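[1] pasting the sequence and the predicted model now:
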Amino acid sequence: MQPRMIRGVKELVDYLAKQNIEMSESTIYRLKKHNEIPYQQITPRISVFDLNKIDDWLTGANND
């Protein structure tokens with residue numbers, strides 16, 4: 001499956017809102033801090049999210 005990448009927490013919040021999932025930026029930052037959401041930290045200020053992994057995470061699918 002081809003990765004679908006987005007950059008930044010704000011873009012992830014927008015993507016989730018389009019999926020009818022309301023989640024705040026602060027919640028996503030907390031999830032990142034505890035490694036409870038799939039993401040890559042490209043630089044200290046840039047996070048990248050693979051939407052395929054986010055979709056699996058939302059549905060509880062194991063993506064190991």
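    Received it, and whenever you're ready, just let me know what you need.
[2] got phi/psi on residue 45?
    phi -110, psi 0 (degrees, to the nearest 10).
[3] what of residue 2?
    phi -70, psi 130.
[4] and it, how far is that from residue 9?
    23 Å (CB to CB, to the nearest Å). C-betas here are computed from N, CA, C, even on glycine.
[5] so these two - more neighbours on which side?
    residue 9 (20 against 5; other CB atoms under 10 Å).
[6] quick check: that one vs residue 15, distance?
    11 Å.
[7] next: residue 46.
    For residue 46, the distance to residue 15 - CB to CB - is 16 Å.
[8] what about those two, which has more around it?
    Ranked by neighbour count (other CB under 10 Å), residue 46 and residue 15 place residue 15 first, with 17 against 10.
[9] for the more buried one, which residues are in contact?
    6, 51, 54 (CB atoms under 8 Å, 6 or more residues apart in numbering).
[10] that one and residue 53: what is the separation?
    Counting by CB to CB, the gap from residue 15 to residue 53 is 12 Å.
[11] show me where the protein has strands.
    5-7, 40-43, 46-50 (DSSP state E).
[12] which residues touch the longest one?
    Around strand 46-50, the neighbours that count as contacts under CB under 8 Å, 6+ apart are 3-9, 11-12, 32, 37-42.
[13] any of those residues buried? List them.
    6, 9, 12, 32, 37, 38, 39 (16 or more other CB atoms under 10 Å).
[14] fine, thanks again, bye for now.
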